[in-house]
Every structure is written in C-alpha cells, then in structure tokens.
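Enquirer: Give me a model of this one.
(one chain, ligands or ions: 1)
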Amino acid sequence: MKIIIVTGASSGIGEEFVRQLDKSFQRIDEIWMIARSKDKMDDIAKELETKTRIFSMDLESKEDLGLLENILTVEKPDICMLVNCAGFGIMGDFSTGNISEQLSMIDLNCKTLTHVTYLCLPYMVRNGRILQVASSAAFSPQANFAVYAATKSYVLSFSRALQEEIRGREIFITSVCPGPVDTPFFERAEKYGHTLRLKKKFSVSPQRVVHDALIAAKKRKSVSVCSLPIKAFHVASKITPHDWLLEIVQYFAGKEKKNEEKI
Ligand SMILES: NC(=O)c1ccc[n+]([C@@H]2O[C@H](COP(=O)([O-])OP(=O)(O)OC[C@H]3O[C@@H](n4cnc5c(N)ncnc54)[C@H](OP(=O)(O)O)[C@@H]3O)[C@@H](O)[C@H]2O)c1
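Expert: Numbering: from 1, shown residues only. Here you go, the predicted model:
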C-alpha cells in the first residue's frame, strides 16, 4: 500500500499539503493525516478524492508515538512521502515566559519531528521524499522568538545531515523554510508578543508555500525558500554576522515600539 503521511494535517500549511497532494500525486492509495483535531481532519477529508486515514494523535505524547510505531509495524506501508509539519511557536521574552510552553515547543518541533522521521524511514520507498517544515527562523537566532528559532535551526541542521546519510537509499529531504505564512499559527504564537509589522508585510499564503515546496522536493532541493524577501534574508544570513542581524532586527523592533507609544 502506497501512502503519504502528513503531520499537522488539521490546519494551515499541513492542511494545504494534504489538499495539493490530493490533486497532484498520482498512484497513491492513502493519505494518512495526523493531528489532534479529528473533526477538522474529517471535514478536510470529505473534500478529497484520495482515500484518507485520520489519526487523532497528540504527537507530544509517548503513547501516541508508540501507537504510530505499532501501526507502521503491522501495516508495513510503502511511504512515498512524509511531511513533518506539526509544530508551533511562542513569541516573547524567554526569561519571563512560561517554561512548560517553551519546552513543549522543543518537544514537538524537534523531538517529535526526529522521532516520526526515525519511525518512517524503514518504510520509505526509493525516490521517496521527506519534507521537514522548518522556517526562515532557522537561518539566524531571533530575540523574542529565541526557542522557536533554535528549534527550527535544529530541523534544518538535522535534515541536511540526514540527507547525506541516506543519499544511497535515494530518499530526498527538503527543508521548507518560509517566512511568515498566513495561517492560524499566529493565534498561539502572539500570546505574549507580536511579530514585527515589517516582517508581516512579507507574509505569504500557505498555497504558495506548499506549491513551491513540492516543486523543490520534486527537484530534490535540500531547502525551499518561498518569496524574494525571504530568499534575500537567506543569503544575508550566510554573509552577515548573526550579531549584526540580531541588532538590526532589535533596531526595527525598538522603532516600532516607539511609534506605537506615540499613537
Ligand atoms: N505560519 C507561519 O508563519 C509559519 C512560518 C514558518 C514555518 N511555520 C511552521 O509550519 C508548521 C505548520 O504551522 P502552520 O502555520 O500551519 O500553523 P497551524 O495552522 O497552527 O498548524 C499547526 C499544526 O500542527 C498541529 N499540532 C500542533 N500541536 C500538535 C500536537 N501536539 N500533536 C499533533 N499535532 C499538533 C496542529 O493540529 P492540532 O492542533 O489539531 O493538533 C496543526 O495541524 C509549523 O511547524 C510552523 O512552525 C509556520
């Protein structure tokens, strides 16, 4: 049985992956959708042509990851594509923030992504694809988004190294690194802080991110960066000392704060 697995399939970028893969991927028997919100995934599945299986799982839970392992062991599917999309971010000052939320971010964005990749690898087919949803936050440290940016740097670093390890098996990994994307992500992310207005101007649709990511994966590219400003930031992050980038962003943040105080 040939399948695609998408985590974080109930909303935003993950939901869009499911929708575009349903239309574009031929010869797939099932799309396996994983997230906590069963009702949302049921509603999405009703609109798809491909047969789906819905797994209502909390991927931060060891029991649910154990369940996924058991299902894979029993079913032994041929995984043509794995999209690791489940993740979240929390902005704001680290030292006054909520530590369990910060640790939870590390658990889901790093530990779960690593674990799901490990569980799926034995079942990946030749010429299969793994899409790891990172972020442009992976390119440089970010004050007031410190843990999130660090988790995404982990995803990028891990994925690039793993690509070299599995190249002989002809499995190709693409790290998806968009800037701000117009999804419910910010409802949770902006609980204690807010995104720079300047940054939000570069916001793109999930449709565009997923479209570009699938093309990048098809071309076996290691990184997919959507939109020109974020591509420019990617280049800048390679040639500019990160201390400078941190200072530049803080400068704009200070300016925006002053403007808000004036209003
Ligand atoms: N939006 C952006 O600006 C942006 C930019 C760059 C990268 N990203 C990355 O893109 C990915 C998807 O984010 P999004 O923008 O699509 O946000 P989103 O709409 O909030 O989607 C997050 C997805 O993750 C799932 N999820 C969260 N906690 C989970 C858990 N414990 N177990 C299982 N699933 C869980 C959610 O489903 P349930 O709540 O149903 O569990 C949902 O399907 C994240 O990794 C994010 O870091 C987002």
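Enquirer: Ramachandran coordinates for Gly87?
Expert: Main-chain torsions, Gly87, degrees, to the nearest 10: phi 180, psi 160.
Enquirer: Tyr192 now?
Expert: Here Tyr192 shows phi and psi, under degrees, to the nearest 10, equal to phi -120, psi -10.
Enquirer: For it, which non-adjacent residue is closest in space?
Expert: Gly92 (3.2 Å; CB to CB, 6 or more residues apart in numbering). Bear in mind the C-beta positions are built from the backbone N, C-alpha and C, glycine included.
Enquirer: Can you list the strands that the helix or strand harbouring Leu82 pairs with?
Expert: Assigned by DSSP states H and E, Leu82 belongs to strand 78-84. Using DSSP bridges, the strands paired with strand 78-84 in its sheet are strand 2-7 (parallel), strand 124-133 (parallel).
Enquirer: Name the residues of the helix or strand just after that strand that are buried.
Expert: Scanning forward in sequence from strand 78-84 by DSSP H and E, the next helix or strand is helix 99-106. Across helix 99-106, burial judged by 16 or more other CB atoms under 10 Å covers 102, 105.
Enquirer: check whether helix 99-106 contacts the ligand.
Expert: No: Helix 99-106 does not reach the ligand (CB under 6 Å from any ligand atom); its nearest approach is 7.9 Å.
Enquirer: Please list the outside residues in contact with stretch 62-71.
Expert: 34, 55, 57-59, 112, 115-116, 119 (CB atoms under 8 Å, 6 or more residues apart in numbering).
Enquirer: Check the strands paired with strand 78-84 for me and report the most buried one.
Expert: Across these, averaging neighbours per residue (mean count of other CB atoms under 10 Å) puts strand 2-7 on top, at a mean of 24.
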